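Chemist: Mind folding the following:
(2 chains)
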Amino acid sequence: MTHPTRRLLLRASLGAAAAGALARASTANAEATAARTPKLGGTINMHSYSFPPPNWHPHVTNTVQIMSSSGIYNQLIEYNPEAEDPFELRGDLATSWELSKDGKVYTFHLNPQAKWHDGQPVTAEDVVYSMDSMVDSDAKPARAVTLPALSPYYKKGTARAVDARTVEIPLKIAFAPDFLPTLALDFCKIIPKHWGQSGIDLQKWENAVGSGPFKPGKFVKDVSIELVKNKDYWKPELPRIDGMVHYTIKDKGTAIAAYKTGRVLMTNWPVTNLSNKEATQLETEAADKLRVEYVRNAAFFFFFMNTSVAPFNNPKVRQAVNLALDRQALFNTFGVPGLDTLAPPLGVGTWFGRTAEDIAQLPGWRQLNGAKHPEDIAKAKALLAEAGHPNGFEAEMMVRQVVEFPDQAVVYKEQLKKIGIEATIKLVDSATGFQRYTMGDWVMAPQGSGHFLVAPDALLGRVWMPDGTWAKYARYSPPDWWQEAYTEQAGEGDREKRQEILRKMEDYLVFEDPGSSAVTYWTARSWVMSEKIKGIHARGSLWAGYKHETIWYDPEG
Amino acid sequence: MQAYIAKRCLLFIPTVLMATLLAFLLLRVIPGDPALVKLAGETGDSSFTQAELHDLQAKLGTDRPLYVQYGKWVWGMLRLDFGESMFFEEPVAKDLAAKFPITLELTVLALLIATIIAVPLGLLSAIKQDTPTDYIARIIAITGVALPNFWVGILIVYFLVLLFAWMPPLGYANLWEDPATNLQQFIFPALALGFFEMAFTARVTRSSMLEVYREDYTRTARGKGLAERVVIVRHALKNALLPVVTVSGYQFGRLLAGTVVIENIFMVPGMGKLLVDSVFHRDYTEVQAIVMVITISVLILNLVLDVIYGWLNPRIRYS
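Modeler: As a prediction, the model looks like this:
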């Protein structure tokens, strides 16, 4: 019998250690692979901050509420929910597409497997019907979102079904770089023509027919909206979950309690009454349970002025306010560094926006020794004097009691005092605020706007162009040359040339007249979700990525 | 008694009329347009034209003169037609039929909890007057009267989450289909809602018991050598509970109307939550209908209680 020598024992123990390490590595690898491998099944409870819509037709449902029903339908193209790049587009109903050489016609090729919930195939005629429905200005109820979003690019009646699987969509503006990113947004849904013309009530939840990964489940008004898995979904192995339930929770405390106790696993839209600071605090307090994704550059806040009433019908008064606002102080109070940014209308860090260094030198944005630049205040006072208000003036500041507006109003009030403007804050609820906006019965207000896209057309169009939502409320119309420049840049395919046009437009808003809206800072919006939710990331727009066909639920977390 | 009931029923008419006027006019006084709320959406970033706004106003009837709108509504109510929700364009009666039983369940449960705790607490406090037991019971009662119920509700949610990392299940489980989940969903809002009523009833019970305790017949019963327990249960309690019964009944009406805040905190989908949501939507028809249902319920309840009290207490009946 051979007695074990020391060398033998050493070899054996080294071998055992190596085997152990290999086993551990293998287990870890298996665990990592398991963590990346989507699990199937489960129902996800979601927090919905908004009320359910008054009707469920996807082209009528407004921006806030499409999140609840997005999973019932598909778009032609979509923001890739699985890509690292939040702006990457991919086909949804379309497998491929191309633009004609003259930049005037897009041709989309549809997936032959695509079918509606009732089993009928999705055809090019359905796409034509849907495009026309979205821009139909005579449609009742009104296409309050899709019409202004798409009508700059597409004219009703011009799309053509080449064959059952091929559709041509001509553009009003050749090349229109922002058309595809707009078409990929969640409210540009393709709906069945036979459903639209069937005569049934298209507004009813239970009548919804789409081609999407989910079908309508139980709808309990003011309580919950359920979507159930479409077991015959034409994309294999999708969706991964069995369904989702959107619970309407308006109270902030109740919502936080629901996240902490796991009663809800995520919010269905990154806009709630939780501020970014509160969301990050929640993430810290429940770090083992929750994470927060951010939609960067999701919106900007601005000081809103009614340009149809005195004194804001005078551009000098508007520019005075533009100069007087201490944006850094606002940002220090409300912004979250790393998430929010100080930037003018075209943002910072985008191909069309200025750099942070440039912005820091802009009047209205610049500081001196950590305080508001005194030249801006002096210039603001001088402009007010030229406008006939050497001692300032008094005016009411209407404040809708939503998001951060009431708190921002207090800061605005103090800042405007420095140039002699005495603001009386009048708090109103949202419905009253919109009524007063519509009637023109307001003077100034804190306001913000979410961006459909972080792209020039969307950024500038909604706020400053005469047909834009906010310009309409403020009765604002920019100079003719500015409007012509807007149209010109919308069709300019050369980035450098487009950037040049945009810079001139932004210079006007910064150096001469902010119009109805003096932008203060840009904000990200926070999307709270449980660590058990996988396969989802915030996309590049607040209105992208809510179909949830790739999301999955890992009960192990 | 019949004349009394008839007289009370006649008084209903001016009371209900006044309630309809108040409900109708107060809503029209607050700013906000139902058509605008529908078109603008919650963030106000939906575009629409003035023509679309006017069309919707015409459809909802809000462009008609106020007296026309009022007349149409009251005439509809007389035929038990509450109209359509302005926001959802669905029959209001359907919502009321769904929500009223939920609010009723919450109210009944709150009253039950309040009474079950309040009566023994008040009795104990009276029997053990001026002892530490009495003091503790009175502190509980005073606390209950002092704290607003929405604050109690928020505290309950807070401590549930903080101590147990738990909150009631979301949504609504029907009592007859899933009683366990239903109880989990309702017990805490019922506690919050009933806390004030519990305190108030405990104090009434204590006062009433103390009064009865000093009556001649109670002293006589004690003098006859009966055990204290028999004196309390057989002689004192029944008479002491008379005001408690009537007070509890009137509290029912208060509770019914007072569920608004609690339902919103605990997300109970009853009439109170619907009322708040409808106010945000400026859903005039929905708000008016809810207000009238609660008003008429309370009026009928008060009448029934007055009749019962008169039957129970002959002195009241003949006065």
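Chemist: Could you see whether chain B lies near the longest strand anywhere in chain A?
Modeler: With secondary structure taken from DSSP state E, chain A has its longest strand at strand A:290-305. No. If you take CB under 8 Å from any CB of the partner chain as the test, strand A:290-305 misses chain B, and the best it gets is 9.7 Å. For the C-beta atoms, the positions are set from N, CA and C on the backbone; glycine is no exception.
Chemist: ok, then the element right after that strand?
Modeler: Sequence order places helix A:315-324 as the next helix or strand after strand A:290-305, per DSSP states H and E.
Chemist: got the angle for that next one vs strand A:290-305?
Modeler: With axes from the mean of the first three to the mean of the last three CA atoms, to 10 degrees applied, the angle from helix A:315-324 to strand A:290-305 works out at 150 degrees.
Chemist: Not counting the helix or strand that helix A:315-324 is followed by itself, show me its contacts.
Modeler: Per DSSP H and E, the first helix or strand lying C-terminal to helix A:315-324 is helix A:327-334. For helix A:327-334, the external contacting residues (CB atoms under 8 Å, 6 or more residues apart in numbering or on different chains) are A:275, A:277, A:301, A:340, A:342, A:364-365, A:367, A:372, A:404, A:407-408, A:411, A:415, A:520-521.
Chemist: let's see it at 6 Å
Modeler: Identification of contacts with helix A:327-334 by CB atoms under 6 Å, 6 or more residues apart in numbering or on different chains yields A:342, A:365, A:367, A:404, A:411, A:520-521.
Chemist: cool, stretch A:350-364 as well?
Modeler: With contact meaning CB under 6 Å, 6+ apart, stretch A:350-364 is reached by A:322-323, A:343, A:346-348, A:365, A:376, A:456, A:499, A:502, A:510.
Chemist: ok now it, how far from the chain's centre?
Modeler: Between the centre of stretch A:350-364 and the centre of its chain there are 22 Å (CA atoms, centre = their mean, to the nearest Å).
Chemist: And stretch B:109-128, by the same measure?
Modeler: That offset, for stretch B:109-128, works out to 19 Å (CA atoms, centre = their mean).
Chemist: Same check on stretch A:81-101?
Modeler: Centroid separation for stretch A:81-101 versus its chain: 18 Å, with CA atoms, centre = their mean.
Chemist: and what of stretch B:278-293?
Modeler: Counting by CA atoms, centre = their mean, stretch B:278-293 is centred 17 Å from the centre of its parent chain.
Chemist: can you check stretch A:223-237 too?
Modeler: With CA atoms, centre = their mean, you get 24 Å for stretch A:223-237.
Chemist: ends of that stretch, how far apart?
Modeler: Taking CA to CA, to the nearest Å as the measure, stretch A:223-237 stretches 30 Å from start to finish.
Chemist: Residues touching it, excluding its own?
Modeler: By CB under 6 Å, 6+ apart, stretch A:223-237 touches A:52, A:68, A:71, A:113-115, A:213-215, A:217-219, A:239, A:242-247, B:171, B:269.
Chemist: tell me which parts of the stretch 151-300 of chain B are close to chain A?
Modeler: Taking CB under 6 Å from any CB of the partner chain as the contact definition, the stretch 151-300 of chain B meets chain A at B:157, B:161, B:165-167, B:170-171, B:269, B:277, B:282.
Chemist: Show me just the buried residues among these.
Modeler: Buried by 16 or more other CB atoms under 10 Å in any protein chain shown: B:157, B:161, B:167, B:170-171, B:269, B:277, B:282, out of those.
Chemist: count of neighbours near residue 121?
Modeler: No chain in the question, so chain A it is. Neighbours of residue A:121 under the rule other CB atoms under 10 Å in any protein chain shown: 17.
Chemist: think we crossed wires, I meant chain B
Modeler: By other CB under 10 Å, neighbour count at residue B:121 equals 24.
Chemist: Give the residue spans of chain B that score low on pLDDT.
Modeler: Scanning chain B with the threshold set as pLDDT under 70 gives B:41-47, B:312-319.
Chemist: Residue A:144 is in what secondary structure piece?
Modeler: Of the helices and strands defined by DSSP H and E, none includes residue A:144.
Chemist: Quick check, it in contact with residue B:48.
Modeler: Yes. The criterion here is CB atoms under 6 Å, and residue A:144 meets it with residue B:48 at 5.2 Å.
Chemist: got the contacts of stretch A:350-364 as CSV, with pLDDT and neighbour count columns?
Modeler: CSV is the format used below for the contacts of stretch A:350-364 (pLDDT from 0 to 100; neighbours: other CB atoms under 10 Å in any protein chain shown):
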residue, pLDDT, neighbour count
A:322, 98, 29
A:323, 98, 27
A:343, 94, 23
A:346, 95, 23
A:347, 93, 22
A:348, 92, 17
A:365, 95, 24
A:376, 97, 23
A:456, 92, 27
A:499, 95, 17
A:502, 97, 22
A:510, 97, 23
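Chemist: which ones among those residues come in contact with chain B?
Modeler: Checking those against chain B by CB under 6 Å from any CB, not one of them is in range.
Chemist: Now secondary structure too, for the residues you listed, in TSV please.
Modeler: Output for the contacts of stretch A:350-364, formatted as TSV (DSSP: H, G, I helix; E, B strand; the rest coil):
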residue	secondary structure
A:322	helix
A:323	helix
A:343	coil
A:346	coil
A:347	coil
A:348	strand
A:365	coil
A:376	helix
A:456	helix
A:499	helix
A:502	helix
A:510	helix
